[in-house]
Every structure is written in C-alpha cells, then in structure tokens.
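J.: Fold the following, please.
(one chain, ligands or ions: 2)
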Amino acid sequence: MSREEAVDAEERQMLRQALRSTGYAAAGAGIGILALYTIPFLLLVAVLCLVGVGWPLAKPMTRWIRALADLERRRLRRLGHEIEAPYPRDELEPDRSLRALFDTPHLRRDLGWLFLHATWGLILGAVVLQLPINAVRDVTYPLWWLLAPEPDRDILSGVIPADSWNLAPLGVATGIAMAALWVFFAGKLLEYQNRPGVNLLGPDPDVDLSQRVAQLTATRAAALDAHAVELRRIERALHDGAQNRMVGVAVLVGAARREVDRNPERADEILARAQDSVEDALAELRAVVRSILPPVLEDRGLEGALSALASDCPVPCSVTVDVPIRCPASTEATAYFVVAESLTNVAKHSRAEHAEVEVRLSAGRLHVTVTDDGRGGADAGLGSGLAGIDRRVEAHDGDVTVTSPPGGPTEIRVELPCGS
Ligand SMILES: Nc1ncnc2c1ncn2[C@@H]1O[C@H](COP(=O)(O)OP(=O)(O)OP(=O)(O)O)[C@@H](O)[C@H]1O
Ligand SMILES: [Mg+2]
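T.: Ligands and ions are numbered 1, 2, ... in the order given. So this is what the prediction gives:
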C-alpha cells in the first residue's frame with residue numbers, strides 16, 4: 001500500500017469511527033430524553049410517598065427506571081462495556097419505607113445515573129449530533145443563505161448573523177473546523193457520555209466483592225465435596241475390584257502351595273485360575289487409573305481425546321475443537337469427563353441419530369457444547385451423571401446449562417475458566 005493509500009484508509013477509518021460514535025451518542029441522547037422526562041414523575045412519586053399515598057406507584061416507577069437502565073446497559077454492551085445488571089432476583093417490595101427503599105445500593109446508583117444521564121449525557125449526545133449537522137450547514141452556507149428565512153441566516157450555531165456573500169468564506173471555515181472537531185472528538189465525547197453508566201450501572205464494587213466471596217466459598221466447598229466423592233469412588237473401585245481379586249489370588253496361591261506335593265496337576269490348575277484373577281485385577285486397576293486422569297489426554301491432547309470418545313460412541317458424532325493452547329490439566333480433564341458422560345447419555349437415553357461436540361476457547365474460557373437430535377427430557381434429578389457434571393464444573397468455578405425440552409434436541413453447555 002502506498003503512503004497516500006494508507007493515509008486515505010486511515011481517514012476513511014476515522015470518518016467511520018466518528019459516524020459510529022455519533023450513532024451511539026444519538027441513541028444515548030434518546031435514552032437521556034426519556035431519563036429527563038422521568039425525573040418530574042419520579043419527584044412526584046417521591047413526594048406522594050412522603051405523604052403516604054404514593055406507594056402503589058413506587059414499584060412501577062422502580063421497574064421503569066430499571067428498564068431505562070437496562071436500555072443503557074444494552075447500548076453500553078454494544079460498545080464493549082460488559083455490564084451485568086446488579087439486581088437481586090427478589091423484587092423490591094413497595095410496602096417498604098422510603099428510607100429502606102433508598103438504602104438499596106443499586107437503586108441509589110440507578111438514580112444517580114438517571115440524573116447524570118438526563119443532564120450530562122443528554123447534553124453531550126446533543127453536542128455530538130449537532131457538530132456534523134452544523135458543519136454541513138456552515139460549509140453549504142453560500143448555497144442557501146439567500147433562500148433561508150431572515151431569522152435563520154446565521155453561522156456557527158447562530159453565534160454570527162450571516163447576511164452577505166462576504167461571510168461565505170467564514171461560513172466555510174467554521175464548517176470545516178466543526179467537521180474537524182467532530183471527526184477528532186466524537187469518540188471522546190461518547191466516552192464521557194458513557195462514563196456515568198459504566199461507573200454506576202454495574203454492581204456496587206463492595207456488594208459485588210462480598211457476593212463473589214460467598215460464591216467462591218460455595219464453590220470451594222463444592223470442590224472439596226467433589227474431591228471427597230472422587231476419593232470415595234476410587235476407594236470403592238479399588239476395594240471392590242482389584243483388592244478383592246488380589247485376596248482371591250492370595251487364597252488361590254495358598255491352595256496351590258498345599259497341592260504342589262500332593263497333586264501337582266491340581267496345583268497347576270489352581271495357579272492358572274490365580275493368573276486369570278491377577279489379569280482381571282490388572283485390567284481393573286488400569287480402568288481406575290484411567291478414570292483418575294485419562295492418559296489419552298496427556299498423549300493426544302484434548303482434541304485427540306475427544307475424537308477418541310466420539311469414535312467410541314455408537315451414535316455418529318462430529319467433533320470440532322478450536323483451542324489453540326493447552327489448558328490446565330484439571331480443566332481439560334473436566335471437559336473430557338463432561339463430554340464422556342454426555343456422550344454416554346446420548347448413547348443410553350437419547351435415541352439420537354447424530355451428536356455434535358464443539359469445544360472452543362474464547363476470552364479465557366473453555367466453552368464445551370454437546371448436542372444431540374434425540375428425544376430430549378434430560379433431567380439431573382433422575383440419575384447421578386448430570387449431577388456429577390454439575391459438581392465437577394462448579395468446583396472449577398464454571399457454569400453448566402442443560403437445555404433438553406421433551407421432543408429434543410438436547411444441549412449440554414459448559415463454560416470453564418481456562419486462564420493461566
Ligand atoms: N442426551 C439425553 N437425551 C435424553 N435424555 C437424557 C439425555 N441425557 C440424560 N437424559 C435423561 O436424564 C436422566 C439423568 O441423566 P444422568 O446422566 O444424570 O443419569 P443416568 O444416565 O440415568 O445415570 P448415570 O448416573 O449412570 O449417569 C437420564 O436418566 C435420562 O432419562
Ligand atoms: Mg448418565
């Protein structure tokens with residue numbers, strides 16, 4: 001690309017950015033107008049509540065403010081600000097006292113945003129919108145001033161009355177200056193317009209932190225639980241499987257020793273049974289080892305391990321893995337067990353014709369999805385497999401969503417943190 005072409009491309013990019021910022025600033029101004037009209041009603045409801053007759057209106061009013069704040073959150077999300085709504089699941093009770101209502105931190109923050117956005121946000125939105133309109137108006141001044149009605153003959157947003165051809169160069173100059181201001185500052189002004197929303201519409205940092213601590217305490221307990229359950233499972237598998245067989249082997253070898261002198265043929269027969277038992281015990285030990293951390297993961301990585309699972313599945317299954325790095329071993333093992341259990345379920349319960357496994361890494365999280373086109377109706381309450389998936393994933397601070405309406409299809413979606 002030549003130097004001129006590069007400059008051209010950069011200018012086009014700046015213009016596109018300015019247009020995009022103006023679009024979002026205009027949407028912000030629209031929300032600002034709604035916020036502005038809300039304020040008198042809000043004050044009215046507050047006064048009515050103070051005199052004791054406004055309570056039936058308090059709930060619809062808080063709902064409306066939430067709806068406005070949600071609108072702003074959606075706009076900010078499109079601009080790349082991930083803002084979670086901070087509302088607890090339980091609704092605000094309208095019969096609480098005004099003081100208690102205002103003690104709700106997210107309501108206070110929503111109201112702070114409402115006032116700021118109705119003033120500051122609306123003004124900034126109007127400025128960003130006005131700049132390009134005025135730029136076009138001033139640059140084209142020589143074309144229209146003679147036709148415009150007397151009071152509208154002005155430039156620079158009405159600051160300079162314009163009533164002669166001599167002012168044409170000044171009009172063009174102010175227009176260009178305004179266009180330049182617009183191109184260079186529209187993005188910045190949009191950022192300032194967004195700031196109250198970004199700072200106030202998310203969860204209160206203190207509350208957020210205490211919720212996070214509670215959540216981490218719960219997942220830590222779940223991790224310890226999962227650990228204990230896993231240990232118990234391994235202990236049972238060793239006790240009921242390999243250990244029992246080894247006891248059998250010891251008994252058989254003892255019997256063989258006693259028979260060696262008396263009846264060597266019988267002793268040989270008993271030793272053959274002991275050998276079978278040892279081989280069975282070995283096979284069981286291998287199975288237990290595989291269930292702790294599948295060696296196939298170590299050997300072939302997540303993609304190879306999942307392909308191996310899919311090829312063992314009696315239902316035709318396609319696998320897509322888009323994970324350019326290796327995740328921590330425990331995350332990979334969890335993903336593996338999730339897919340293993342889900343595919344076992346597909347084979348056992350779904351009557352599906354096709355299943356699909358998709359694994360991809362995005363924003364430091366591993367997304368695992370297993371879908372089948374079967375009859376649906378998966379329910380964690382009916383067995384231990386899905387509940388086990390829940391426990392394992394929770395222990396990793398991840399999320400599980402099972403969607404399986406009667407009639408299908410079934411989708412198990414798991415998200416695991418895979419950060420280093
Ligand atoms: N893919 C699926 N399609 C249809 N139904 C399913 C599917 N997966 C699970 N189910 C239903 O959900 C129930 C619970 O599944 P879960 O894996 O928890 O237990 P399970 O497979 O019955 O037993 P196990 O404890 O051995 O896994 C199953 O009994 C089955 O009825
Ligand atoms: Mg199962």
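
J.: Report the secondary structure element holding F184.
T.: F184 is located in helix 168-200, with elements delineated by DSSP states H and E.

J.: So what's the gap between the following helix or strand past that helix and the chain middle?
T.: Next along the chain after helix 168-200, taking DSSP H and E as the criterion, comes helix 205-237. A distance of 21 Å separates the C-alpha centroid of helix 205-237 from that of its chain, computed with CA atoms, centre = their mean, to the nearest Å.

J.: packing partners for the helix or strand following helix 205-237?
T.: Per DSSP H and E, the first helix or strand lying C-terminal to helix 205-237 is helix 244-262. Here helix 244-262 touches helix 264-292, going by 3 or more CB pairs under 8 Å, 6 or more residues apart in numbering; DSSP states H and E. C-beta: built from backbone N, CA, C; applies to glycine.

J.: Low-confidence regions, this structure specifically.
T.: 1, 88-103, 146, 148-151, 153, 156-158, 208, 419-420 (pLDDT under 70).

J.: Any residues of it in contact with ligand 2? List them.
T.: Within the chain, the residues that sit near ligand 2 (CB under 5 Å from the ion) are 345, 385.

J.: on that earlier part again, which strands or helices does the helix holding F184 pack on?
T.: Applying 3+ CB pairs under 8 Å, 6+ apart, one finds that helix 168-200 contacts helix 3-50, helix 55-78, helix 105-116, helix 122-139, helix 141-144, strand 154-155.

J.: Including distance to ligand 1 and mean neighbour count, could the ones you listed go into a markdown table?
T.: Converted to a markdown table, the helices and strands packed on helix 168-200 look like this (distance: least, CB to the nearest ligand atom, whole Å; neighbours: other CB atoms under 10 Å):
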| stretch | distance to ligand 1 | mean neighbour count |
| --- | --- | --- |
| helix 3-50 | 42 | 15 |
| helix 55-78 | 33 | 16 |
| helix 105-116 | 37 | 18 |
| helix 122-139 | 50 | 19 |
| helix 141-144 | 69 | 14 |
| strand 154-155 | 70 | 22 |
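
J.: Now distance to S277 too, for those, in a markdown table please.
T.: Converted to a markdown table, the helices and strands packed on helix 168-200 look like this (distance: least, CB to CB, whole Å):
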| stretch | distance to S277 |
| --- | --- |
| helix 3-50 | 73 |
| helix 55-78 | 63 |
| helix 105-116 | 66 |
| helix 122-139 | 81 |
| helix 141-144 | 101 |
| strand 154-155 | 100 |
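
J.: For P324, which three-state class applies?
T.: What DSSP: H, G, I helix; E, B strand; the rest coil gives for P324 is coil.

J.: thinking again about what came up before, got the angle for the helix holding F184 vs helix 122-139?
T.: Put simply, helix 168-200 runs at 160 degrees to helix 122-139, going by axes from the mean of the first three to the mean of the last three CA atoms, to 10 degrees.

J.: Tell me the gap between helix 168-200 and the middle of its chain.
T.: 33 Å.

J.: quick one: A387 and ligand 1, what's the gap?
T.: Using CB to the nearest ligand atom, to the nearest Å, one gets 6 Å for the distance from A387 to ligand 1.

J.: In contact with that residue, which residues are there?
T.: A380 (CB atoms under 8 Å, 6 or more residues apart in numbering).

J.: Would you pull up the residue in this protein closest to ligand 1?
T.: Per CB to the nearest ligand atom, G383 is where the chain lies closest to ligand 1, at 1.8 Å.

J.: neighbours of that residue, just the number please.
T.: G383: 14 surrounding residues under other CB atoms under 10 Å.

J.: what's it sitting at in phi/psi?
T.: Per-residue torsions, G383: phi -160, psi -170 (degrees, to the nearest 10).

J.: and what of V359?
T.: phi -130, psi 130.

J.: Contact partners for the closest residue to ligand 2 within the chain?
T.: The nearest approach of the chain to ligand 2 comes at G385, 2.6 Å away (CB to the ion). By CB under 8 Å, 6+ apart, the residues touching G385 are 341, 344-345.
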